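Asks: one predicted model, sequence on top.
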Amino acid sequence: MTISSPVLRNSMRLILPLTLLYALFAMLKGHNEPGGGFIGGMIFATAVCTYRMSHGYAAQLRLLPIHPRILIFLGLGLALGTSAVPLLLGHPFLRSAVGEFHLPFTHHPFHYASAMAFDLGVMLVVVGVAVGMITQLSEELE
Amino acid sequence: MTTSATVWLLLCVLAPAVLGCATLWLPRRAIAARTLVALLGPVASFGILLQHFGAYGVSPIEAPAATPVIDWIPVLHLNLSFLADGLGGFFGLLVSGIGALIVLYARGYFGRDEAALFRFYPTLGFFTTAMMGIVLADYMLLTVLFWELTSISSFLLIGWDRDDRHAVKLAMQAFFTTGLGGMFLMGGVLMCGYATGLGHGEGLWRWSEVLGAGAGRINVSDPLIIWSFVLMLFGAATKSAQWPFHYWLPGAMAAPTPVSAFLHSATMVKAGVFLTGRMFPVFAALDLWGQIIIPLGAFTMLLAALIALNQHDLKRIFAYTTVSQLGLLMCMYGLGSLDYHGHANIEWDITQIANHAFYKAPLFIIAGALGHFISRDITQLNGAFRKQPAMVITMLLAGYALAAGPGTISFQAKEFFLHAIHHAQESIGPWWMVLMAMAAITAVCNVAIFVRLLTTLMGWPGGMKREASHAHDDHAHGHAEHEHGPWAHLIWIPGLVLVSLQYVGGLAPGLWTQWIAPLETHAAAEGIPTALHAFMHPTLPLYVSLIAMAGGAVVGLGPLMRGAIVDVHDRIYPAMYWLSVTGGGRAFRVIQTGRFRNYIVFVLIAFLGAYLCAMILDPAMLDWPATESIFEFIPGVLLGVIICATAILMPIVQSRVVRVIILGSCGFSVVGMYLLYQAPDLALTQLMFEIISVILFVLVLRLLPDTKETDAASGRWWRFTIGSMTGLAIGWLTLVAAQSGAEPRLGEFFARHSSTGTEMTGGRGGGGNNIVNVVLVDFRGFDTLGEITVLSIAALGVFSLFRRRESLPTQDEFGDQLMRSVRA
């Protein structure tokens, strides 16, 4: 369903990229600041769904040209894969690795945690589920 | 033995399933390649097992060698470790060997039916693996696991013809019956592990411990051990089709014949016999062992033999003789518990098990082949020899073994059994004569069946006359014209290969002894005597055999008992099914109203009940909590009032749109609350959730029916009360929890460990400063994994429920459909 309001249409053009960026930011920063995969996914999905309400399904398809179930598949696979890697190294399931490494041309060490890949999987699943369900329901309406 | 031995045995177990599934990647038309790859699985298992015996020898049953363990789930006493002693190893060879022949037979049976072979080989491989797992597993719970896998895979095999509702029903019957037994087996295993663990620390969870080092810890007068035995025996009896659970086995004849030949000769039904043999060395010391197993086995043996005589469908005849033989094998283990001159009254048990497999599989194989070319109804087969000489000769060779004629290993096996009965008079007194009579009648039936097969198939006088056909044939699998060439002969050659082993045993017992004796648990040193030896030194059992043969010839040629009867036990499962469906349906309609608000009321009432119990059990719950700090922070109080007010407004307002708005404002107030109390993560999540739920509401709102439901208003106050009480209960709980001074608080633990670890967590932390996120992805990562899995499944459900249709229904139709699907 589309809401034909010029104000919404035009403001969405501004809001959408910012929201998507913020979603990624929230996911990436999640380990230390407020945020995380779940929240990032929710923000992303909200943005996509609002965009759909203002610009229609065709526009959403251009924005996210994948079927949501593929996102779910990728996300779940990534999360499972991340959890299973420690098994290969002889550690318990889901053990995370934490460390730092230096990027060229920077002074600060880059802090990483392997749980981030897991979080990315969570985000993909949440985006897939939320976008998929809403798309499916509204498709039935149209 | 090292861990590599366990890895090899694991490969041995998994090979059939892995290679069976590998055939799915072959092109559909590559039938020969498909057959060969599928064949590789059981052949590899067979080879690995032989190699294992070559390298480590056969583990003696009384003191099994320690088996190396690969940890899987140590907490649950479920690890990977395999015990290849004589019994398990023999069964492993039997399953993989006959499995290989069945792969070939299936190629002959299904012909060039690509679709059938495409589906059949993976399923068969799955079943073979499950069966190999049962017989080789060392951890008892691993046995249970594979036991259940055989139930599942046999369900797939028996209900092969998915369009045949009757076959699917019979597959369900087999699945429920054997699955029920599996539950009992699991109970028995758990009870055994628990009982042996009392006062000893670690219980016995492995067969090798139960039979070997821990055998002394099994106290046969302990009621727990006795119950554990009874439960395990129940599992064995259902799987091995003992009365009154034998009905599933003839019912399972709805399967294609390769399945019947495999499941009912060597594998599925033998699992129970195998389990009994596994338990035998230790549990036979129980008095109950003989008291239950001997009568049960003997009665099953006799009853099934009598039913078998009164059947027309070849597969049903052989199904009932299978049940009869299973009863005999159980009875053999029962008699084994008795004392005979100071040692166990059991001899050459593995030979007796092998004997059955080597004639019953060929009988089924040829029954399928004859059904394919002519008919499976014995009355239609008069003179079949002229049409299919090779098949008929193979069947008669196997039938001669069914009748336990001299010259087959079956003859010696029957002699051992009769000897065991004869020896039992030392312990059970004159009852042995009852058993002997039962065995003799069973033998009469078996001989009579052979005589009928012989006269009918050869077209001699005395055979079954042609009657109106009941149309049992094996043409259902779809290829009309018969194949020619070498592949086509696979429909009977595997039967000939197997039955020839019968005559190896019968005519050259020395060779047989050489093969089997290393695997035998209770082998006499002098080997198996030949039939000639038995005739030279006649004993009472021999006379009984001779009488049975004469009687069998008379009954077989005589005019009596030539009809086809219906087994009354076939009604057991339908009756149970009817009871549970009708009774369950009643209960279902009361509980499952399809109304969301009723479900919520159920949940809330259950919660309140639990809460009430907690209050009664713990008086501290009733202490007035510290309330002075509540009013310290005025903005929080204000938000709380708003939240409560919106919540109370909700049921008062009638309009749905207004309700959605109120719900939204309630949610956003909660967001504000989180922000005030510095929980940005929760606030963000809640915010997004509110937005998405409002969007969803807007979508769904138009679908809801406009008409007010009359009963909505009637229970309103009642629901209002329950809702407010739940709210008050949770509020009270929060206040009580907040003032409990329990140290250390859980929150402090997470706060301390979220970034860097301490010695409490082995020096490892989550590596992040955001506690909420670290808890989500690290401390409770397993929960999160489970949650996203559930989310994905829910989304897939939505995708499949609302599949895009060719022509979309109109608005009203769709609304009706939605409501119906919600109600249903």
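Replies: Cool, the structure landed. Numbers count the residues shown, from 1 in each chain, chains lettered A, B, ... in the order given.

Asks: could you use CA atoms for every contact and neighbour count after this?
Replies: Fine.

Asks: who's in contact with whichever residue of chain A sits closest to chain B?
Replies: Per C-alpha to the nearest C-alpha, residue A:32 is where chain A lies closest to chain B, at 4.2 Å. Counting by C-alpha atoms under 8 Å, 6 or more residues apart in numbering or on different chains, residue A:32 makes contact with B:768-770.

Asks: pLDDT score assigned to residue A:16?
Replies: Note for residue A:16: predicted pLDDT of 93.

Asks: is it true that it touches residue A:49?
Replies: No - the criterion here is C-alpha atoms under 8 Å, and residue A:16 misses it with residue A:49 at 10.3 Å.

Asks: looking at those two, which is more packed in?
Replies: Shown here are residue A:16 and residue A:49; by other C-alpha atoms under 10 Å in any protein chain shown, residue A:49 has more neighbours (22 against 17).

Asks: the helix or strand in which residue B:800 is found near chain A at all?
Replies: Element membership for residue B:800 (DSSP states H and E) is helix B:781-801. Yes - contact of helix B:781-801 with chain A is found when judged by C-alpha under 8 Å from any C-alpha of the partner chain, involving B:781-782, B:785, B:788-789, B:791-792, B:795-796, B:798-799.

Asks: which residues touch residue 115?
Replies: Using chain A here. A:82, A:96-97, B:777-778.

Asks: that was the other one, I meant chain B.
Replies: The contact partners of residue B:115, taken as C-alpha under 8 Å, 6+ apart, are residue B:28.

Asks: in the helix or strand containing it, which residues are buried?
Replies: Using DSSP H and E, residue B:115 maps to helix B:114-136. For helix B:114-136, the neighbour count (16 or more other C-alpha atoms under 10 Å in any protein chain shown) marks B:114, B:116-118, B:120-136 as buried.

Asks: same deal with stretch B:672-682?
Replies: Across stretch B:672-682, burial judged by 16+ other C-alpha under 10 Å covers B:672-674, B:680-682.

Asks: kindly export it (C-alpha atoms) in PDB.
Replies: As requested, the backbone C-alpha atoms of stretch B:672-682 are provided in PDB (Å, rounded to 0.1, in the frame of the first residue of the first chain):
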ATOM      1  CA  GLY B 672      10.600   7.100  27.300                       C
ATOM      2  CA  MET B 673      10.900   5.100  30.500                       C
ATOM      3  CA  TYR B 674      13.900   3.200  29.200                       C
ATOM      4  CA  LEU B 675      15.500   6.400  28.100                       C
ATOM      5  CA  LEU B 676      15.000   8.000  31.500                       C
ATOM      6  CA  TYR B 677      16.500   5.000  33.300                       C
ATOM      7  CA  GLN B 678      19.500   5.000  30.900                       C
ATOM      8  CA  ALA B 679      18.800   1.800  28.800                       C
ATOM      9  CA  PRO B 680      19.400   3.100  25.300                       C
ATOM     10  CA  ASP B 681      19.500  -0.300  23.800                       C
ATOM     11  CA  LEU B 682      16.200  -1.300  25.100                       C
END
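
Asks: right, quick check: it against chain A, any contact?
Replies: Yes - contact of stretch B:672-682 with chain A (C-alpha under 8 Å from any C-alpha) involves B:680-681.

Asks: that stretch: how far from the chain's middle?
Replies: Taking the mean of its C-alpha atoms, stretch B:672-682 sits 51 Å from the chain's own mean (C-alpha atoms, centre = their mean, to the nearest Å).

Asks: list the contacts of it.
Replies: Contacts of stretch B:672-682 (C-alpha under 8 Å, 6+ apart): A:34-35, A:39, B:635-636, B:639-640, B:671, B:683, B:772.

Asks: quick one: buried ones out of these?
Replies: Buried among the contacts of stretch B:672-682 by 16+ other C-alpha under 10 Å: A:34-35, A:39, B:636, B:639-640, B:671, B:683, B:772.

Asks: closest to chain A among the buried residues of stretch B:672-682?
Replies: residue B:681 (5.2 Å).

Asks: so which strand or helix has residue B:564?
Replies: Per DSSP H and E, there is no helix or strand for residue B:564.

Asks: for the closest residue to it other than its chain neighbours, what are its contacts?
Replies: Leaving out its chain neighbours, the residue that sits closest to residue B:564 by C-alpha to C-alpha, 6 or more residues apart in numbering or on different chains is residue B:311, at 4.4 Å. Taking C-alpha under 8 Å, 6+ apart, we find residue B:311 in contact with B:317, B:562-565.

Asks: PyMOL command for the buried members of those residues?
Replies: Of the contacts of residue B:311, the buried ones can be selected in PyMOL as follows, counting by 16+ other C-alpha under 10 Å:
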select buried, chain B and resi 317+562
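
Asks: right, and the helix or strand after the helix holding residue B:115?
Replies: helix B:140-158.
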